[in-house]
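K.L.:
what's the 3D shape of this:
(one chain, ligands or ions: 3)
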Amino acid sequence: SQASRVTHETSPSKDDVPVHGLSEVIVGVLGGGQLGPLIIVLRFANLREDRCDVLTVEIEHVDVATMEMLEQQGVDCQPKASTIRIIQDKYLQKVHFSRHAIPLPEFMQIDDLEGAKRAGELFGYPLMIKSKRLAYDGRGNAVAHSEEELSSAVAALGGFDRGLYVEKWAPFVKELAVIVARGRDNSILCYPVVETIHKENICHVVKAPANVSWDIRKRATDVAYKAVSSLEGAGVFAVELFLTGDGQILLNEVAPRPHNSGHHTIESCYTSQFEQHLRAVVGLPLGEPSMKTPAAVMYNILGEDEGEPGFILAHQLIRRALSIPGATVHWYDKPEMRKQRKMGHVTIVGPSMGDVEERLKSILKEEGSDCK
Ligand code: ATP
Ligand code: MG
Ligand code: MG
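P.N.:
Residues are numbered from 1 along each chain as shown. Ligands and ions are numbered 1, 2, ... in the order given. Got it, this is the predicted structure:
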């Protein structure tokens, strides 16, 4: 319904629009999550409820059929609806990237228990079972450690009717991510490779830059560049990667929008991923993506308890962070506190990775957590 209000017919002439910024292009953002307000805060433009010149997304789980219809009517969507259609279905995404010769874990659609057993025989165990659609923070993933666990893992995901596929287990030693920006002129810039550390499938800590060899950084960037080049439209994309023990880089998934692995860029890079996304979709020159600080670490504040007790714990952590040099606190002001929910994040910048890790430990030590 948000999208259907966006039409060009209702646009007033450019003369009616007071211009205050670098661009008079009005950007519509589909989605209502924590990334939207960050994009809007950094907008260049006057946001009006009933019109926009460019339509973008802050989440891939939008009504893509409506987006395609709008595109046919002439609404300028960046990235393109075709990109959202590919990405919002993880199985389609895998088919797309394998056709473009991007390295990724082997995968297979499963429609029934027999199919799941065949996949288990082929790929071995543990076996990663994933929901094709509406997945985030690992909520569409279930691991079967043996054939006996297949049916309970499938049931945990809501059954075969939900649309499932399996991936061969990726024996990764690190998870890496690369934010890639593509402008309207198809120019592409890549941010430095970061390491992401997950806790129960949820991104918890991001280290920038990743402590890997020059060769691995180069190959990770090449895979990310190639993956984004195969998609249509402008914007910022996040490419999640696995680094295996034998040095292979495999693609996990791509997000067609600013991403948790790029939050550190607000404090640590010359151009934040949010500003970059707007530059890209509006058609301004892309900004410099490199780091302006030697090291940064980003820590997600995840809900540790429901309701008030959870807020108290989070606020204690924030108070400790506020006394740490180089630390910046971002609180999303979500109305409800739930266990494992992303409530905010803290980014610490400093002269070396060892230094920022020490500062993070000092924020976390009173609650007995560790940042690995
Ligand atoms: P996000 O919040 O990043 O969108 P998601 O719900 O889409 O997460 P995935 O990125 O598919 O989930 O998987 C979440 C995590 O599960 C990965 O970051 C990784 O740690 C683990 N994982 C995913 N696929 C595999 C695999 N094939 N083998 C081993 N581990 C995996
Ligand atoms: Mg995902
Ligand atoms: Mg992911």
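K.L.:
all helices of this protein, in order?
P.N.:
Secondary structure of the chain (DSSP state H): helices located at 35-41, 64-72, 81-88, 90-99, 113-123, 150-156, 214-229, 265-268, 273-282, 307-322, 353-364.
K.L.:
what would these look like in CSV with distance to Val346 and mean neighbour count?
P.N.:
C-beta: built from backbone N, CA, C; applies to glycine. Listed next are the helices of the chain as CSV, based on distance: least, Cβ to Cβ, whole Å; neighbours: other Cβ atoms under 10 Å:
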stretch, distance to Val346, mean neighbour count
helix 35-41, 15, 18
helix 64-72, 34, 16
helix 81-88, 29, 22
helix 90-99, 30, 19
helix 113-123, 38, 15
helix 150-156, 32, 16
helix 214-229, 25, 18
helix 265-268, 10, 24
helix 273-282, 17, 26
helix 307-322, 5, 15
helix 353-364, 7, 18
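K.L.:
with distance to ligand 1 and mean pLDDT added, can I get these in TSV?
P.N.:
Shown next, in TSV, are those (distance: least, Cβ to the nearest ligand atom, whole Å; pLDDT from 0 to 100):
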stretch	distance to ligand 1	mean pLDDT
helix 35-41	12	55
helix 64-72	17	90
helix 81-88	10	97
helix 90-99	7	98
helix 113-123	9	97
helix 150-156	13	96
helix 214-229	14	98
helix 265-268	17	98
helix 273-282	15	96
helix 307-322	20	94
helix 353-364	20	97
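K.L.:
can you add distance to Ala135 and give those helices back as JSON lines?
P.N.:
As requested, the helices of the chain are exported to JSON lines (distance: least, Cβ to Cβ, whole Å):
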{"stretch": "helix 35-41", "distance to Ala135": "17"}
{"stretch": "helix 64-72", "distance to Ala135": "15"}
{"stretch": "helix 81-88", "distance to Ala135": "9"}
{"stretch": "helix 90-99", "distance to Ala135": "6"}
{"stretch": "helix 113-123", "distance to Ala135": "18"}
{"stretch": "helix 150-156", "distance to Ala135": "13"}
{"stretch": "helix 214-229", "distance to Ala135": "18"}
{"stretch": "helix 265-268", "distance to Ala135": "24"}
{"stretch": "helix 273-282", "distance to Ala135": "21"}
{"stretch": "helix 307-322", "distance to Ala135": "24"}
{"stretch": "helix 353-364", "distance to Ala135": "28"}
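K.L.:
so which of those gets nearest Ala296?
P.N.:
Nearest to Ala296, of all those, is helix 265-268, at 3.7 Å by Cβ to Cβ.
K.L.:
centre-most residue in the chain?
P.N.:
Nearest residue to the geometric centre of the chain (Cα atoms, centre = their mean): His259, 3.2 Å.
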